[in-house]
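Asker: Show me how the following folds:
(one chain, ligands or ions: 2)
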Amino acid sequence: MVNSKAYPHTRTSSSVKFLSRKPSPFVITLYIIFLFAFAISVFLFNTRAILEDEPSPLISEVSESQSSRVPDDQLWGATFNNGLQPCVRPTAKYKEAQESHRYITVKSNGGLNQMRTGIADMVAVAHIMNATLVIPQLDKRSFWQDSSTFSDIFDEFHFISTLQGDVNVIKELPKELESVPRARKHFTSWSGVAYYEEMTHLWKDYQVIHVAKSDSRLANNDLPIDIQRLRCRALYYALHFSPSIESLGKKLVERLRSRTGRYIALHLRYEKDMLSFTGCTHGLTEAESEELRIMRENTNHWKVKKINSTEQRIEGLCPLTPKEVGIFLQALGYPPSTSIYVAAGEIYGGNTHLLELTSRFPNLVFKERLAEPQELKQFSNHASQMAALDYIISVESDVFIPSYSGNMARAVEGHRRFLGHLKTIIPDRKGLVKLFDGLDSGQLTEGSSLSRLVQQMHKYRKGSPRRRKKVQHQELRGRARFRTEESFYENPYPECICKSKVRGHT
Ligand SMILES: *[C@@H]1O[C@H](CO)[C@@H](O)[C@H](O)[C@H]1NC(C)=O
Ligand SMILES: *[C@@H]1O[C@H](CO)[C@@H](O)[C@H](O)[C@H]1NC(C)=O
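Answerer: Ligands and ions are numbered 1, 2, ... in the order given. Okay, the predicted model is just below:
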């Protein structure tokens, strides 16, 4: 699925012929003018790319002449990616892995995408620490209670063979080491290379290090380029889903395309756990709000118990409701006939809440409908495997739209950037909430003026190239500061994405 798109053919330049004859002074002047103009246009393009995703003012004047009928190309067309491609090859300085009799065992925590990115980080950590990596154990106690092992979800053989030269990976710790004492470590979150180099002092006393948690153990920024590229190789090339998941995922994408042609993948994060965790009860009944509050109270590892839903929503910290998604998509210009694949678990309140979306967009497609019951049967009791199917269908979609910024949304966005900046529309939830409230209070009405405001607000939020944002809150210190950074896997540009000519050699 990934490889087919990863290395598009490069084109040869047609300017060679132009320079081969002996040029007159006039031609040279023209050529210099041309070069100058070209340099300026490149500069302008880059400035534009960097400006992308900057917060836009809520209500800015848009010229009245603009038509509300949105051209097809703007709805479905690819983003302008300026010839950027994946580049993950190591530099000349990269040191290949040597055989090592020091081992790292890992317990991956979190849901599917937290585990995936955590595993990619552990590959990099094992490389830095010159260790052999034992296939990670997966989290079975997370909210999803999924009993899947690594090889149930991922292609173990492919993982091991793809990483040859980067890190030695073995299925199990050698028998004679199973009972020796291990250094049990909670590595510090968002650490750099120096931290892990220092941690090699553990090898003096231990032959095995056990890593108790794998999420966010490695910094997003300021790591050597070879480490960043190794993270990309691990996530995008080595960590494929198991053959049965890959093949059903592909089949469902083909089925969707043959039935509906183009489709939006909507990550509708409107599931019970998410609403309870975020404390977002906008549009819900008293009884529903109460049910969510009780669930939050009773979930030990969710630290924040008291949440004011109104304040949470105004800050843009709530997932969009199905109704809000409907208004949003319509305002963006998508026609009611648009096919929308709903990448999600069970929607809270089922049809009652969904109806507010299906009334605007009746062509909602769920995997339970898309797949035959017997096709889904082997996956259905495994939330992570179902999430993997959603992941595949989302990465392959024409347009990906997440209703909330969770791990899945970030992972899919980053993967789509990596594959060639496929169109991904990130709702400006904070800005949108003001518009939705304007609708509720009657200050705004749906139609062309709302449409213009929404389109203006999302002009630079469609996934075109820009560098990863570093520190976003200068006033924060230490770890809180890292927490607000854009995640490496949400946007691996510039380290793993570059112009074809310099691919792998910068
Ligand atoms: C890893 O091994 C290489 C030699 O193979 C050595 O140069 C390097 O310093 C080692 N790294 C650490 C962190 O021990
Ligand atoms: C929640 O916050 C809003 C806005 O700050 C406030 O008006 C409201 O009274 C708060 N609700 C509760 C239950 O505290």
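Asker: Contact residues of this protein facing ligand 2?
Answerer: For the chain, the residues in contact with ligand 2 (Cβ under 6 Å from any ligand atom) are 308, 310-311. Where C-beta positions appear, they are placed from N, C-alpha and C, glycine not excepted.
Asker: Closest to residue 90 out of the residues you listed?
Answerer: Checking the residues of the chain next to ligand 2 against residue 90 with Cβ to Cβ, the nearest one is residue 311 at 47.3 Å.
Asker: Contact partners for whichever residue of the chain sits closest to ligand 2?
Answerer: Closest approach between the chain and ligand 2, counting by Cβ to the nearest ligand atom: residue 308, at 3.7 Å. Neighbour list for residue 308: residue 279 [criterion: Cβ atoms under 8 Å, 6 or more residues apart in numbering].
Asker: Leaving out chain neighbours, which residue sits closest to the spatially most central residue of the chain?
Answerer: In the chain, the centroid-proximal residue (Cα atoms, centre = their mean) is residue 411; its distance is 2.1 Å. Distance criterion Cβ to Cβ, 6 or more residues apart in numbering; nearest residue to residue 411, sequence neighbours excluded, is residue 113 at 4.2 Å.
Asker: Which of the residues of the chain next to ligand 2 sits closest to ligand 1?
Answerer: Of these, the one sitting nearest to ligand 1 (Cβ to the nearest ligand atom) turns out to be residue 311, at 46.4 Å.
Asker: Hmm, residue 349 is touching residue 287, no?
Answerer: No. Using Cβ atoms under 8 Å, residue 349 makes no contact with residue 287, being 10.5 Å away.
Asker: Contacts only, for the residue nearest to the centre of the chain.
Answerer: By Cβ under 8 Å, 6+ apart, the contact set of residue 411 is 113, 116-117, 391, 489-490.
Asker: repeat that for 10 Å
Answerer: 112-114, 116-117, 235, 391, 394-395, 487, 489-490 (Cβ atoms under 10 Å, 6 or more residues apart in numbering).
Asker: C-terminal to the helix or strand where residue 434 lies, what's the next element?
Answerer: Following DSSP states H and E, one finds residue 434 within helix 429-441. Using DSSP H and E, the helix or strand that directly follows helix 429-441 along the chain is helix 448-457.
Asker: Identify each buried residue in that next one, please.
Answerer: Under the neighbour-count criterion of 16 or more other Cβ atoms under 10 Å, helix 448-457 has 450-457 buried.
Asker: distance between it and the chain's centre?
Answerer: Put simply, helix 448-457 sits 26 Å off its chain's centre (Cα atoms, centre = their mean, to the nearest Å).
Asker: what's in contact with whatever helix or strand comes next after that helix?
Answerer: Going down the chain from helix 448-457, the next helix or strand is helix 478-483, by DSSP H and E. Helix 478-483 is contacted from outside by 188-191, 216, 219-221, 470-476, using Cβ under 10 Å, 6+ apart.
Asker: Quick check: residues of this protein near ligand 1?
Answerer: 98, 129-130, 197, 200.
Asker: among those, which one has the lowest pLDDT?
Answerer: Ranked by pLDDT, those bottom out at residue 98, which has 91.
Asker: can you pull the contacts of the closest residue to it other than its chain neighbours?
Answerer: Closest residue to residue 98 in three dimensions, ignoring its sequence neighbours and counting by Cβ to Cβ, 6+ apart: residue 130, at 7.0 Å. Contact analysis of residue 130 by Cβ under 10 Å, 6+ apart lists 95, 97-98, 100, 102, 167-168, 197, 200, 203.
Asker: now do residue 104
Answerer: Residue 104 sits next to 122-123, 125-126, 129, 131-134, 136, 167, 173, 182-183, 185, 208-211 when contact means Cβ under 10 Å, 6+ apart.
Asker: Same question for residue 435.
Answerer: Residues in contact with residue 435 (Cβ under 10 Å, 6+ apart) are 58-59, 324, 327-328, 331, 428, 443-444, 446, 450, 453-454, 457.
Asker: and of these, the nearest to residue 247?
Answerer: Distance to residue 247 across these (Cβ to Cβ) is lowest for residue 328, with 33.6 Å.
Asker: Among the contacts of residue 104, name the ones in helices.
Answerer: Counting by DSSP state H, the contacts of residue 104 place 122-123, 125-126 in helices.
Asker: May I ask which of those has the most neighbours?
Answerer: Within the ones in helices among the contacts of residue 104, most neighbours by other Cβ atoms under 10 Å means residue 126, with 29 neighbours.
Asker: Spatially, what comes nearest to that one if we skip its sequence neighbours?
Answerer: Leaving aside its sequence neighbours, residue 126 sits nearest to residue 133 (Cβ to Cβ, 6+ apart; 4.1 Å).
Asker: Double-check that neighbour against residue 208; I have them as touching.
Answerer: No. Judged on Cβ atoms under 10 Å, residue 133 makes no contact with residue 208 at a distance of 11.5 Å.
Asker: Looking at the two, which one has more neighbours?
Answerer: Between residue 133 and residue 208, counted using other Cβ under 10 Å, the more crowded position is residue 133 (27 against 22).
Asker: and that one, what pLDDT?
Answerer: Looking at residue 133, its pLDDT is 98.
Asker: Quick check: buried residues in the helix or strand harbouring residue 389?
Answerer: Using DSSP H and E, residue 389 sits in helix 383-395. Within helix 383-395, the residues that count as buried by 16+ other Cβ under 10 Å are 383-395.
Asker: Same list, these, but as a markdown table with distance to residue 269 and pLDDT please.
Answerer: Conversion of those to a markdown table gives the following (distance: Cβ to Cβ, whole Å; pLDDT from 0 to 100):
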| residue | distance to residue 269 | pLDDT |
| --- | --- | --- |
| 383 | 14 | 91 |
| 384 | 16 | 93 |
| 385 | 18 | 95 |
| 386 | 14 | 95 |
| 387 | 12 | 95 |
| 388 | 17 | 97 |
| 389 | 16 | 97 |
| 390 | 11 | 97 |
| 391 | 14 | 98 |
| 392 | 18 | 98 |
| 393 | 15 | 98 |
| 394 | 12 | 98 |
| 395 | 17 | 98 |
